[in-house]
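**Student:** Give me the fold of what follows.
(one chain, ligands or ions: 1)
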Amino acid sequence: MSKQRIIAIDGPAASGKSTVAREVAKRMNCIYVDSGAFYRGVTWKMIQEGTNTKNSVLVLPVLLKSKWNFKICNGAVVFTIDGVEPGEALRGKEVREAVSDVAAMPAVRTYVVNRLRKLKKLGSLAMEGRDIGSVVFPKTPYKFYLDASPEERAKRRHAELVAKGETEKAQEVLESLQRRDQKDSSRATAPLKIADGAYVIDTSGHGVEEVTRILMDRIVDLEKPRTDKMINPVWYRMTCAVFGACLKVLNQYKVLGITNVPKTGGVIIASNHASYIDPPAVGASSRKMRMTHFMARDTLFRNLLMGAFLRRVGVIPLDRERGDVKAMKTAIQLLRDGASVALFPEGTRSPDGTLQPAKPGIGFLVAKGNAPVVPVYVHGSYEAWSKHSGGLRCKPVTVIFGQLITQEEIRGLGSGREAYSLIGELIMKRIAELKENFEKGLIHE
Ligand code: CDP
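**Tutor:** Sure, this is the predicted structure:
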């Protein structure tokens, strides 16, 4: 039997999820699941029963009473509710206008999420929705988020409706879609968001074939032997253990907030830099999370022995003087392959222990790597070994991992050069907040 894959495809209305998910399901031998149809099914049933779709108390009896049966038809999961297959009625105007209110009800979400999870026993799935990668199957490595501008999405939906003989005006469709987007993104339970580690595809201006290809190439990439074969795991673990033990003895080394680092998917670990201690201190903590590629200045590789060692533990050499395209490309590819990359946005050690602005390259890397960022504050490393202290002192060092800066937040900063500097600023702001909160005693074990 071939390997079971759960392909999670999320995104706002009319972002192209359904068509692409169907196509991917067909080509990759998966069962197609339209999770939105389940929420539409509940909504349809409420309307059938004459139940007020805005009243979350009234939904429970409808859920408990109705009997759902599932079958696979033409490679897709279809269902009947109390013996009736709602079919096209699910996509009618009445259901469309009410579904986001119904889908926001926690009881409905629990009910549908449980049903969706059970479908796993059918085999490989290509499931589309709003929360598949974030809630329904958060552990799957195959997470995608399709997006497009509201205007483009409304244009597509309008064309679909016209083809079905409906008479809604383009402006009405846009407004209805925006209302639904707003409700879906702002609800308290499982709002529409980019799941951690999801691969974002902007479908504006790209046809179904192109998007399907991008998505399938990504799956193939994820299944290739990982680029972080660049890391020799034995050397890596040994190095972490030695650094960790030395830091514990000499610097009362502590690590806080390690669970903020996602266990899978591309991620950037961005730390402040005030001392030679920072790379080993952040690196040693990766013993408790996942192997991570560090970016370090290429001059460290000049010494042959040192160079060989750094290569074994997966360090990416970076020419700090010139924009190092090769290093950037390597890091971006690693992130896209789902690896973890650590770097120091300030570029070089702070001369006085204060936080410095981020170098411009960091924003570029974050934007192109399409990965979330974990901000990290290393406390005490300047006091333990500053640029001026001439050697190691036995001062305490604590590494604090902060909450993830999500891809959504990053995308919210826009695109292009302007966004790159905003991304750098945001990361340094989060590191500064960690510093402040730690120093106030608000972050502790
Ligand atoms: O086809 P379209 O993207 O317009 O909508 P759909 O996928 O059929 O989903 C209809 C509605 O169900 C959405 O607007 C959401 O309110 C809700 N939904 C959800 O909350 N979670 C999901 N996983 C899927 C849909």
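**Student:** And for the residue in the stretch 251-400 of the chain that the ligand sits nearest to, the neighbour number?
**Tutor:** Using C-beta to the nearest ligand atom, the closest approach of the stretch 251-400 of the chain to the ligand is made by residue 265 at 19.4 Å. Backbone N, C-alpha and C define where each C-beta goes, glycine included. For residue 265, the count of nearby residues is 20 (other C-beta atoms under 10 Å).
**Student:** And the helices in the stretch 201-350 of the chain?
**Tutor:** With helices called from DSSP state H, counting those that start in this stretch, the stretch 201-350 of the chain shows them at 208-223, 233-251, 278-285, 304-312, 325-336.
**Student:** most packed of these?
**Tutor:** Of all these, helix 278-285 carries the top mean neighbour count, a mean of 24, counting by mean count of other C-beta atoms under 10 Å.
**Student:** how far off helix 233-251 does that one point, in degrees?
**Tutor:** Angle of helix 278-285 versus helix 233-251, following axes from the mean of the first three to the mean of the last three C-alpha atoms, to 10 degrees, is 110 degrees.
**Student:** Off-centre distance for helix 278-285?
**Tutor:** Chain-centre distance of helix 278-285: 24 Å, with C-alpha atoms, centre = their mean, to the nearest Å.
**Student:** mean confidence for it?
**Tutor:** Regarding helix 278-285, the rounded mean pLDDT is 96.
**Student:** what helices or strands is that helix leaning on?
**Tutor:** Applying 3 or more C-beta pairs under 8 Å, 6 or more residues apart in numbering; DSSP states H and E, one finds that helix 278-285 makes contact with helix 233-251, strand 267-271, strand 292-297, strand 340-343, strand 373-379, strand 398-401.
**Student:** Could you dump those into CSV and include mean pLDDT and distance to residue 191?
**Tutor:** As requested, these are exported to CSV (pLDDT from 0 to 100; distance: least, C-beta to C-beta, whole Å):
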stretch, mean pLDDT, distance to residue 191
helix 233-251, 95, 37
strand 267-271, 96, 21
strand 292-297, 93, 30
strand 340-343, 94, 26
strand 373-379, 98, 21
strand 398-401, 98, 24
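**Student:** where does the closest residue to residue 414 other than its chain neighbours land on pLDDT?
**Tutor:** Nearest residue to residue 414, sequence neighbours excluded (C-beta to C-beta, 6 or more residues apart in numbering): residue 422, at 7.1 Å. pLDDT recorded at residue 422 is 96.
**Student:** what's near enough to touch residue 422?
**Tutor:** Applying C-beta atoms under 8 Å, 6 or more residues apart in numbering, one finds that residue 422 lies in contact with 363, 413, 414.
**Student:** Separate out the buried members of these.
**Tutor:** 363, 413 (16 or more other C-beta atoms under 10 Å).
**Student:** Tell me which of the contacts of residue 422 fall in helices.
**Tutor:** Among the contacts of residue 422, DSSP state H puts residue 363 in helices.
**Student:** got the contacts of residue 422 as a markdown table, with distance to the ligand and pLDDT columns?
**Tutor:** Formatted as a markdown table, the contacts of residue 422 follow (distance: C-beta to the nearest ligand atom, whole Å; pLDDT from 0 to 100):
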| residue | distance to the ligand | pLDDT |
| --- | --- | --- |
| 363 | 31 | 93 |
| 413 | 25 | 92 |
| 414 | 25 | 88 |
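**Student:** what stretches of this structure score poorly on pLDDT?
**Tutor:** 1-2, 225-229 (pLDDT under 70).
**Student:** the domain parsing of it - what is it?
**Tutor:** For the chain, the structural domains run 6-223, 227-439, going by automatic domain parsing.
**Student:** from memory residue 402 sits against residue 377, does it?
**Tutor:** Yes: the pair residue 402 and residue 377 qualifies as a contact (C-beta atoms under 8 Å) at a distance of 7.1 Å.
**Student:** on that earlier part again, return the residues in contact with the residue of the stretch 251-400 of the chain closest to the ligand.
**Tutor:** Residue 265 touches 141, 143, 196, 197, 198, 338, 371, counting by C-beta under 8 Å, 6+ apart.
**Student:** Double-check that the last one belongs to a helix.
**Tutor:** Looking back up the chat, that one is residue 371. No: Residue 371 is assigned coil when assessed by DSSP: H, G, I helix; E, B strand; the rest coil, not a helix.
**Student:** That one and residue 99, how far apart?
**Tutor:** Distance, residue 371 to residue 99, using C-beta to C-beta, to the nearest Å: 32 Å.
**Student:** higher neighbour count, the two?
**Tutor:** The neighbour comparison of residue 371 against residue 99 (other C-beta under 10 Å) goes to residue 371, with 30 against 24.
**Student:** nearest spatial neighbour of the more buried one, skipping sequence neighbours?
**Tutor:** residue 266 (3.6 Å).
**Student:** is it true that the one you found touches residue 340?
**Tutor:** Yes: with contact defined as C-beta under 8 Å, residue 266 reaches residue 340; the gap is 7.5 Å.
**Student:** Looking at the protein, which helix is longest?
**Tutor:** Max-length helix for the chain by DSSP H is helix 416-439.
**Student:** How far away from the center of its chain is that helix?
**Tutor:** That offset, for helix 416-439, works out to 19 Å (C-alpha atoms, centre = their mean).
**Student:** What residues sit buried inside it?
**Tutor:** Applying 16+ other C-beta under 10 Å to helix 416-439 flags 419-424, 426-428, 430-431, 434-435, 438 as buried.
**Student:** Among those, which one lies nearest to the ligand?
**Tutor:** The nearest member of these to the ligand, counting by C-beta to the nearest ligand atom, is residue 419 at 26.9 Å.
**Student:** which non-adjacent residue is nearest the closest one?
**Tutor:** Using C-beta to C-beta, 6+ apart, the closest residue to residue 419 is residue 413 (4.7 Å).
**Student:** Next: residue 183.
**Tutor:** residue 100 (3.9 Å).
**Student:** which residues touch the helix or strand hosting the one you found?
**Tutor:** Element membership for residue 100, per DSSP states H and E: helix 93-103. Residues from elsewhere that reach helix 93-103 (C-beta under 8 Å, 6+ apart): 36, 39-40, 42-44, 46-47, 53-54, 59, 89, 108-109, 112, 130, 166, 168, 176, 179-180, 183-184, 187.
**Student:** how about that helix against the ligand, any contact?
**Tutor:** Yes: Helix 93-103 comes into contact with the ligand (C-beta under 6 Å from any ligand atom), by way of 99, 100, 103.
**Student:** Enumerate the positions of the next helix or strand after that helix that are buried.
**Tutor:** Once helix 93-103 ends, the next helix or strand along the chain (criterion: DSSP H and E) is helix 106-118. Judged by neighbour count (16+ other C-beta under 10 Å), helix 106-118 contains these buried residues: 107, 108, 109, 111, 112, 113, 115, 116.
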